[in-house]
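Colleague: This is a predicted model, with the sequence first.
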Amino acid sequence: MRPACHARTRPRTGVRVPSSSSAVNSAVRSAHVSTARPRNTPETSGRHHPPKTSLTPPPGAGAAVRHPDAPAPGELLGSHYGQCFGCGADQAHGLHLEIRAGEGVDVTAEFRVRPVHQGAPGLAHGGVLSTALDETMGSLCWLMHTIMVTGRLETDFVRPVPVDTVLHLSATASAVQGRKVFTRATGRIGGPDGPVAVRAEALFIKVQVEHFTDHGRDEEIKAAMADPDQVRRARAFEVNP
Ligand SMILES: CCCCCCCC/C=C\CCCCCCCC(=O)SCCNC(=O)CCNC(=O)[C@H](O)C(C)(C)COP(=O)(O)OP(=O)(O)OC[C@H]1O[C@@H](n2cnc3c(N)ncnc32)[C@H](O)[C@@H]1OP(=O)(O)O
């Protein structure tokens, strides 16, 4: 039997460029595509959490609360870590997101898609867009004064996003239950009220600073702990019980 991933339509060696777009189309159509749906079992998911309901706040979850010392509405949040791929100013390969506090437990940001973010010709890679949404939701930690990491993230890609598009991002924390923070985000094109191109829901889990010091690579942890500015930023989150 043919393996499910057998989609190769041309020899591995040598590059054969189809001479016309119809050749491209027929090459694409002839690719074998598996229609088998992956089963969602503890073995395949790796965890025992029910995936479909886990992003919906359960009845009895509380509202997310803006910390009294949260940055003022409109204030730039800054980066939680200079080398962060999402928001770090010192990260040459990063997205350099600049995120601003909203009036509630919400934030906004703008992200210009650059040529290095392509997945298909002239279009943003979906993983990069998910990362931008993830980072925007993660930055809600500044408004709640809590450290949290992404536990689960689900993205809907609604419209293709061409290179040079400015994605207007916004995120809000909708509910909190114990260590679980339920968040959602959208990315709009053409302006903050433009059509939705991407949207996501995520479950963040509150952690202590030891999450990073226990699991991070020694080299970076030592450098972070030797940087008073980084320690100050970490302390800013360590307020909640
Ligand atoms: C001086 C040095 C300073 C350094 C510090 C710098 C300051 C940092 C400040 C701010 C950082 C912000 C960073 C944002 C960056 C952007 C966001 C990211 O990319 S984060 C990276 C990607 N995410 C991970 O790497 C998580 C990897 N996963 C884990 O570590 C664990 O699985 C963790 C912590 C998420 C949960 O593990 P458990 O053992 O602590 O807790 P359990 O009991 O498993 O879960 C708690 C509750 O959450 C539910 N839960 C956990 N994971 C779930 C999932 N995937 N789906 C559904 N529910 C889940 C569980 O069912 C449980 O719920 P029930 O309380 O029983 O109701």
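Modeller: Looks like it came in fine.
Colleague: Show me which residues of the chain sit near the ligand.
Modeller: Residues of the chain found near the ligand (CB under 6 Å from any ligand atom) are 47, 49, 54, 80-81, 86, 134-135, 138, 141, 147, 149-152, 178-180, 203, 205, 207, 209, 212-213, 224-225, 230-231, 234, 237. Placement of C-beta: from N, CA and C, glycine included.
Colleague: Helices along the protein, start to end?
Modeller: 21-30, 42-45, 126-138, 141-144, 210-215, 218-225, 228-235 (DSSP state H).
Colleague: Redo the ones you listed as JSON lines? Include mean neighbour count.
Modeller: Formatted as JSON lines, the helices of the chain follow (neighbours: other CB atoms under 10 Å):
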{"stretch": "helix 21-30", "mean neighbour count": "11"}
{"stretch": "helix 42-45", "mean neighbour count": "9"}
{"stretch": "helix 126-138", "mean neighbour count": "23"}
{"stretch": "helix 141-144", "mean neighbour count": "22"}
{"stretch": "helix 210-215", "mean neighbour count": "12"}
{"stretch": "helix 218-225", "mean neighbour count": "12"}
{"stretch": "helix 228-235", "mean neighbour count": "13"}
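Colleague: Nearest the geometric middle of the protein, what residue?
Modeller: For the chain, Asp134 is the residue whose C-alpha lies nearest the centre (CA atoms, centre = their mean; 2.3 Å).
Colleague: Could you measure from the residue nearest to His117 when sequence neighbours are not counted over to the ligand?
Modeller: Excluding the flanking residues, the one nearest His117 by CB to CB, 6 or more residues apart in numbering is Val128, at 4.5 Å. Separation of Val128 from the ligand (CB to the nearest ligand atom, to the nearest Å) stands at 13 Å.
Colleague: With Asp164 instead?
Modeller: Counting by CB to the nearest ligand atom, the gap from Asp164 to the ligand is 25 Å.
Colleague: again with Pro57
Modeller: Distance from Pro57 to the ligand, counting by CB to the nearest ligand atom: 11 Å.
Colleague: pretty sure that residue is in contact with Ala173, am I right?
Modeller: No. Pro57 lies out of contact with Ala173 (CB atoms under 8 Å); the separation is 10.0 Å.
Colleague: quick one, which of these two is more surrounded?
Modeller: Between Pro57 and Ala173, counted using other CB atoms under 10 Å, the more crowded position is Ala173 (26 against 17).
Colleague: Quick check on the spatially closest residue to the more buried one that is not a sequence neighbour: phi, psi?
Modeller: Nearest residue to Ala173, sequence neighbours excluded (CB to CB, 6+ apart): Ala64, at 3.6 Å. Main-chain torsions, Ala64, degrees, to the nearest 10: phi -70, psi 140.
Colleague: can you start the count at 539 instead of 1 from here on
Modeller: Yes, from this point I'll number from 539; that puts the last item at Ala602.
Colleague: Tell me who's in contact with Ala602.
Modeller: The contact partners of Ala602, by CB atoms under 8 Å, 6 or more residues apart in numbering, come to 643, 678, 682, 710-714, 719.
Colleague: okay, and for the protein, where does confidence drop off?
Modeller: Counting by pLDDT under 70, the chain contains low-confidence ranges at 539-591, 776-779.
Colleague: swap the cut-off to 80 and go again
Modeller: 539-591, 774-779 (pLDDT under 80).
Colleague: Tell me which stretches of it form strands.
Modeller: Taking DSSP state E as the criterion, the chain carries its strands at 636-639, 644-650, 656-658, 661-662, 686-695, 704-715, 718-727, 734-744.
Colleague: Need the winner for burial among these.
Modeller: Ranked by mean neighbour count, those are led by strand 718-727 with a mean of 23 (mean count of other CB atoms under 10 Å).
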